[in-house]
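Colleague: Give me a 3D structure for the following:
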Amino acid sequence: MRNRAKECEAEKSTCCSQSELVAKSTNLEENGDGVADHNTIEDSCSDKHSKTRTCIPEGVVESLLNGTLKLPYSERFPLPTVINCIGGCSEEYYCSTSCAEGAWETFHSLLCTGEGSLCKNKDELRNFKQHADETNDIFHVAAQVISMIILKIKREKQNLHEDFNWSKVLDIWEPFAMGYKRQWWDCVALPDDIDPVEETLFRKEIKDLAWTSLQFLKGAIFEEEYAPFLSLKIYGNIIGMFELNNLDVIVASPVEDYFIYIDDLPHSEKDEAEKITRPFLEELGDDYAACCQGSGFFQLQSCINHSCEPNCKAFKREQDRDGQATLVAIGPIKKERQSLLSDYGFVCKCCRCLQEQRNSS
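Modeller: Predicted coordinates:
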């Protein structure tokens with residue numbers, strides 16, 4: 001139980017899309033004042049793996065959901081309130097009102113299929129989302145970037161009394177400017193099961209996927225003045241940026257935290273609690289520690305380059321449960337090397353690689 005990965009120690013409140021987390025954690029939520037019936041929970045049944053394993057009686061899960069039953073100490077692990085999308089779609093859920101409002105203002109109002117959406121064609125938007133779900137969810141984040149740029153330009157125009165200065169687009173693009181950009185179909189790694197002689201065909205198929213995705217997105221949100229942002233070249237560059245720079249985001253499961261808490265109780269309290277909780281832990285199996293996972297682009301961390309002889313180190317401390325990480329220098333960082341590696345489309349010339357190159361020549 002204590003063998004939890006360090007990366008799973010992010011604060012659960014940082015997760016903005018809680019639907020999966022809530023689905024796996026509902027059995028720990030306390031919704032009422034009912035108490036568990038020890039005798040009911042302890043009913044035994046046969047199991048092909050273990051003679052001592054107990055089954056969860058029929059109706060217990062429903063009792064947890066409707067609040068007539070609660071698990072011991074579950075009130076100490078309240079789940080964050082799930083906030084629905086402002087536009088009324090049933091696809092996005094948030095951890096707080098501020099998170100929902102921020103997403104709506106930044107990008108989601110143009111990518112929402114609900115009644116309040118600013119989308120031009122919801123059917124095409126649904127086609128786009130279905131295609132992304134079935135092929136590669138990286139299309140979702142690329143669409144968010146394009147939506148963010150368009151919405152920011154719209155707001156700038158509303159706030160200005162004179163004509164919009166299109167040079168401001170560079171300021172809008174700034175958060176993503178540090179990410180090295182190549183066409184997605186050129187930079188995606190060749191899968192192990194693809195023969196090298198088939199690489200050209202593979203990359204063409206990847207490009208075709210991006211083209212199809214873009215057609216659905218254009219059908220949903222296209223406006224003539226924003227056409228440059230909906231070209232295949234720009235779309236491919238944005239997807240390539242995520243392909244090369246995205247970092248995993250992993251949020252700890254409150255279910256795991258709950259069972260660790262039970263395991264740490266004094267002996268007598270633990271024995272009493274486990275009369276109720278043990279069947280649930282056995283039923284969950286390894287899933288009790290399942291994390292909520294995603295990915296994201298971070299302006300600084302995503303652009304830290306690989307080195308065979310690094311000059312800095314990133315790590316997580318026990319207290320870094322809010323998605324933060326600590327970055328420390330472990331050697332001199334020369335300014336000229338920083339400028340050379342501003343984008344990471346480079347042949348590595350770190351000290352070790354240069355030495356190995358000299359040794360081999």
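Colleague: contacts, neighbours, all on C-alpha from now
Modeller: Noted.
Colleague: Can you classify the residue most central in space within the chain as helix, strand or coil?
Modeller: Centroid-nearest residue in the chain, with C-alpha atoms, centre = their mean: residue 294, separated by 2.1 Å. At residue 294, secondary structure determined by DSSP: H, G, I helix; E, B strand; the rest coil is strand.
Colleague: for residue 185, same thing?
Modeller: Assignment for residue 185 (three-state DSSP): helix.
Colleague: Pull the number of nearby residues for it.
Modeller: By other C-alpha atoms under 10 Å, 23 other residues sit near residue 185.
Colleague: same question, residue 215
Modeller: Neighbours of residue 215 (other C-alpha under 10 Å): 17.
Colleague: who's in contact with residue 203?
Modeller: With contact set as C-alpha atoms under 8 Å, 6 or more residues apart in numbering, residue 203 has these partners: 185-186.
Colleague: Is it within a helix or a strand, and which one?
Modeller: For residue 203, the host element (DSSP states H and E) is helix 199-221.
Colleague: Can you read off the pLDDT for the closest residue in space to residue 230 that isn't next to it in sequence?
Modeller: What sits nearest to residue 230 in space, not counting adjacent residues and going by C-alpha to C-alpha, 6 or more residues apart in numbering, is residue 218, at 6.7 Å. pLDDT for residue 218: 97.
Colleague: Kindly report the same for residue 97.
Modeller: We have a pLDDT of 92 for residue 97.
Colleague: Show me the strands in this protein, by range?
Modeller: 83-84, 93-94, 247-251, 292-296, 312-315, 326-329 (DSSP state E).
Colleague: mean confidence score for the third one?
Modeller: Per-residue pLDDT values over strand 247-251 give a mean of 76.
Colleague: again with the fifth one
Modeller: For strand 312-315, the mean per-residue pLDDT is 74.
Colleague: what's that strand in contact with?
Modeller: Here strand 312-315 makes contact (C-alpha under 8 Å, 6+ apart) with 325-331.
Colleague: before we move on, what about the first one?
Modeller: When contacts are defined by C-alpha under 8 Å, 6+ apart, strand 83-84 is touched by residues 90, 92-97, 100.
Colleague: In PyMOL, how would I select just the buried ones from those residues?
Modeller: With 16 or more other C-alpha atoms under 10 Å as the criterion, this PyMOL line picks the buried residues out of these:
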select buried, resi 92+93+94+95+96+100
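Colleague: could I get the contacts of strand 83-84 as TSV with distance to residue 154?
Modeller: TSV is the format used below for these (distance: C-alpha to C-alpha, whole Å):
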residue	distance to residue 154
90	26
92	23
93	25
94	25
95	27
96	26
97	23
100	20
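Colleague: Closest to residue 234 out of the contacts of strand 83-84?
Modeller: residue 92 (26.0 Å; C-alpha to C-alpha).
Colleague: Pretty sure that closest one sits against residue 99.
Modeller: No: in this structure residue 92 lies outside contact range of residue 99 using C-alpha atoms under 8 Å: 11.2 Å.
Colleague: My guess is residue 112 contacts residue 90. True?
Modeller: No: under the criterion of C-alpha under 8 Å, residue 112 makes no contact with residue 90, lying 9.3 Å away.
Colleague: where are the low-confidence patches of this structure?
Modeller: Where the chain drops to pLDDT under 70, the residues are 1-54, 161-162, 178, 180, 299-300, 303, 305-306, 316-325, 332-350, 352-353.
Colleague: Which stretches in it count as helices?
Modeller: Taking DSSP state H as the criterion, the chain contains helices spanning 19-25, 38-41, 60-66, 97-106, 122-134, 138-159, 168-173, 184-187, 199-221, 232-245, 254-263, 267-284, 335-340, 351-360.
Colleague: quick one: the fifth one to helix 138-159, angle?
Modeller: Note on geometry: by axes from the mean of the first three to the mean of the last three C-alpha atoms, to 10 degrees, helix 122-134 and helix 138-159 are set 140 degrees apart in direction.
Colleague: ok and helix 122-134 relative to helix 199-221, angle-wise?
Modeller: 150 degrees.
Colleague: what's helix 122-134 packed up against?
Modeller: Counting contacts by 3 or more C-alpha pairs under 8 Å, 6 or more residues apart in numbering; DSSP states H and E, helix 122-134 packs against helix 138-159, helix 199-221.
Colleague: Using CSV, lay out those helices together with distance to residue 130.
Modeller: CSV is the format used below for the helices and strands packed on helix 122-134 (distance: least, C-alpha to C-alpha, whole Å):
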stretch, distance to residue 130
helix 138-159, 10
helix 199-221, 10
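Colleague: Between these, which one is closest to residue 359.
Modeller: helix 199-221 (32.9 Å).
Colleague: buried residues in that closest one?
Modeller: So, applying 16+ other C-alpha under 10 Å, buried residues of helix 199-221: 202-203, 207, 209-211, 213-221.
Colleague: now residue 184, nearest residue through space, not along the chain?
Modeller: residue 240 (3.9 Å).
Colleague: The one you found - how many residues pack around it?
Modeller: So residue 240, with other C-alpha under 10 Å, has 24 neighbours.
Colleague: picking that back up, roughly how far apart are the residue nearest to the centre of the chain and residue 76?
Modeller: The spacing between residue 294 and residue 76, counted by C-alpha to C-alpha, to the nearest Å, is 26 Å.
Colleague: Let me know which of the strands of the chain is tucked in deepest.
Modeller: strand 93-94 (a mean of 22; mean count of other C-alpha atoms under 10 Å).
Colleague: and that one, which strands flank it?
Modeller: Partners of strand 93-94 in the sheet, by DSSP bridges, are strand 83-84 (antiparallel).
Colleague: Number of residues surrounding residue 261?
Modeller: Counted with other C-alpha under 10 Å, residues neighbouring residue 261 total 15.
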